[in-house]
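# only geometry, no sequence info:
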DNA sequence: CGTTGCCTTGACCAGCATCAAGGAGCGTGG
DNA sequence: CCACGCTCCTTGATGCTGGTCAAGGCAACG
């Protein structure tokens, strides 16, 4: 077992509760109050491993902050398969325990957890909740498919452009304006399957082309959303 | 609406019924007989577009054969995001209709379809079925994550090795023995985001290295499963 | 003030996309 | 029966892209 370093509140915390809303699909995450009361909230430090949340087969939501789902190859290479943001849910499949690990990306990430026991107890009384789980799972599917499309672009600049657009929609709901990247260049590299240096170069290329404007390494303004879209789609 | 060219049997066909089993998780797809009776079966010709199945928001299973889920970019490039095999289910998300299309890959692919209407009717009487949907959706998630890991490899040979191993497990349940690829080199290329020529060259490279043996272009024997795994993991 | 993590740039070379060509298998029609 | 067109697969030549190694800047932090 993993020793969780932060305090856990055993019941619903009114401070945290309202944040459990999917930005992509606000109406979706209407967690029934009964379910809410059965959840355990946890706050995580940066880079802290939170896989222990899921070892018993329970479910988990990100309330605030970011969680990343990683796989580490034999060769030592790390691959990020998913970035889990506020409102998103995640669970550990039967085969996942061996391949995947979870870490908090941002300091003070808060998760809401539903243990297998509480889940079972709740489900027997209220089987309709699976409908919500089904829809949440479909959201994950849509997210992974988008990620596959981003990784499927040919050049690095296209990948980065598509990635920034995707991040922009996921973080703010819009594809223009400014994004504050919650992840480092290293994380982006491992998420896209390219080298850090290439990430850096591609961002510089987009900046030189006048498609984005940097305000520090993390804050990126999309000065030309249309152009970014064309770039992402591999227009020549 | 799309004119479906093949005959449809309105009720459960005893010939087709037993095939609706997931090879990956046999116990999972125990479709309740009541649900089975509400399904519509369709047989598709090769390359036939079967997106019309899903426009009403219903669900679909592949009974036999293969369905591919594609996205086509502005630039005309095609990307395959998923290969759907017997026992797997698929549905059309709200945003999917614009981006994705579905086609039968193999001649005579059979699908089982549950219309939105039948689904609704059935669900009100039996809400527990969503549990099955949830688990099926989790299977899709696991599949997409594996695909992301395959695409995340660095060199083309690693990608192809990982892809062949994955195909092998998905088609036969084992990682050794022979695989008969249900897809063309072009499909593999569009699934991995690399050029056809590179696919061909990578397969030749694996053959020359003694890791596989070709018996015609589609039938591939894994003569050295261990070596394939090492190759896929980027061992040097 | 040194250390550490993160980001950027340069130089170099392997690997892949691209263009081009040719072969194998197959169904169609003469 | 063969000629033809078609799709699919393979191989070669070439130029560009990105991985790798190396170095340096910058900010936060002890």
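On my side now, so go ahead. Treat the numbers as computed from the prediction; the structure is a model and nothing was measured.
# From here on, just use CA atoms for contacts and neighbour counts.
Noted.
# Residue A:75 is in contact with residue B:234, isn't it?
Yes - contact criterion Cα atoms under 8 Å: residue A:75 and residue B:234 qualify, at 6.3 Å.
# When these two are compared, which one has more neighbours?
A count of neighbours by other Cα atoms under 10 Å in any protein chain shown puts residue B:234 above the other of residue A:75 and residue B:234, at 21 against 11.
# Give me the pLDDT value at the more buried one.
If you check residue B:234, the pLDDT there is 86.
# Would you check that it makes contact with residue B:159?
No - assessed by Cα under 8 Å, residue B:234 is found out of contact with residue B:159, at 9.4 Å.
# so what sits against both of those two?
residue B:153 (Cα atoms under 8 Å, 6 or more residues apart in numbering or on different chains).
# Can you name the element that comes right after the least confident helix or strand in chain A by mean pLDDT?
When the helices and strands of chain A are scored by mean pLDDT, DSSP states H and E, strand A:8-9 comes last with a mean of 37. Using DSSP states H and E, the helix or strand that follows strand A:8-9 in sequence is helix A:33-37.
# If we go by neighbour counts, what in that following helix is buried?
Neighbour-count burial for helix A:33-37 flags A:35-36 (criterion: 16 or more other Cα atoms under 10 Å in any protein chain shown).
# Work out the gap between the lengthiest helix in chain A and the centre of the chain.
Taking DSSP state H as the criterion, chain A has its longest helix at helix A:129-151. Put simply, helix A:129-151 sits 11 Å off its chain's centre (Cα atoms, centre = their mean, to the nearest Å).
# Does the helix or strand just after it reach DNA strand D?
Next along the chain after helix A:129-151, taking DSSP H and E as the criterion, comes helix A:156-172. Yes - for helix A:156-172, a contact with DNA strand D is found by Cα under 7 Å from any atom of the strand, at A:156-157.
# Closest to the centroid, which residue in chain A?
residue A:84 (1.9 Å; Cα atoms, centre = their mean).
# How about residue A:51: what's its closest non-neighbour residue?
residue A:102 (5.1 Å; Cα to Cα, 6 or more residues apart in numbering or on different chains).
# Okay, buried residues for the host helix or strand of the one you found please.
Taking DSSP H and E as the definition, residue A:102 sits inside strand A:100-104. For strand A:100-104, the neighbour count (16+ other Cα under 10 Å) marks A:100-104 as buried.
# Please apply the same query to stretch A:188-206.
A:188-196, A:199-200, A:202-204, A:206.
# ditto for stretch A:115-134
A:115, A:119, A:122-123, A:127-134.
# what do you get for stretch A:91-107?
A:91-93, A:100-106.
# Stretch A:158-174 now?
Neighbour count says stretch A:158-174 has A:158-171 buried, by 16+ other Cα under 10 Å.
# What are the contacting residues of that stretch?
Stretch A:158-174 has contacts (Cα under 8 Å, 6+ apart) with A:23-24, A:150-153, A:175-176, A:178-179, A:181, A:192, A:199, A:202-203, A:206, A:228-229, A:231-234.
# Recalculate using a threshold of 6 Å.
The contact list for stretch A:158-174 (Cα atoms under 6 Å, 6 or more residues apart in numbering or on different chains) reads A:150, A:153, A:175, A:179, A:228, A:231-232.
# Over to stretch A:201-212?
A:157, A:213, A:221-224.
# Pull out the buried members of these.
The buried subset of these - by 16+ other Cα under 10 Å - is A:157, A:213, A:221-223.
# Out of those, flag the one nearest to DNA strand C.
Distance to DNA strand C across the buried ones among the contacts of stretch A:201-212 (Cα to the nearest atom of the strand) is lowest for residue A:213, with 10.4 Å.
# isn't the closest one right up against residue A:224?
No - between residue A:213 and residue A:224 there is no contact under Cα atoms under 6 Å: 9.5 Å.
# Next, the contact list for the residue of chain A found nearest chain B, please.
The nearest approach of chain A to chain B comes at residue A:134, 4.4 Å away (Cα to the nearest Cα). Residue A:134 sits next to residue B:134 when contact means Cα under 6 Å, 6+ apart.
# Would you mind putting the contacts of stretch A:158-174 into TSV with neighbour count alongside?
TSV is the format used below for the contacts of stretch A:158-174 (neighbours: other Cα atoms under 10 Å in any protein chain shown):
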residue	neighbour count
A:150	22
A:153	22
A:175	20
A:179	22
A:228	25
A:231	20
A:232	25
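# Fine by me, we can end here.
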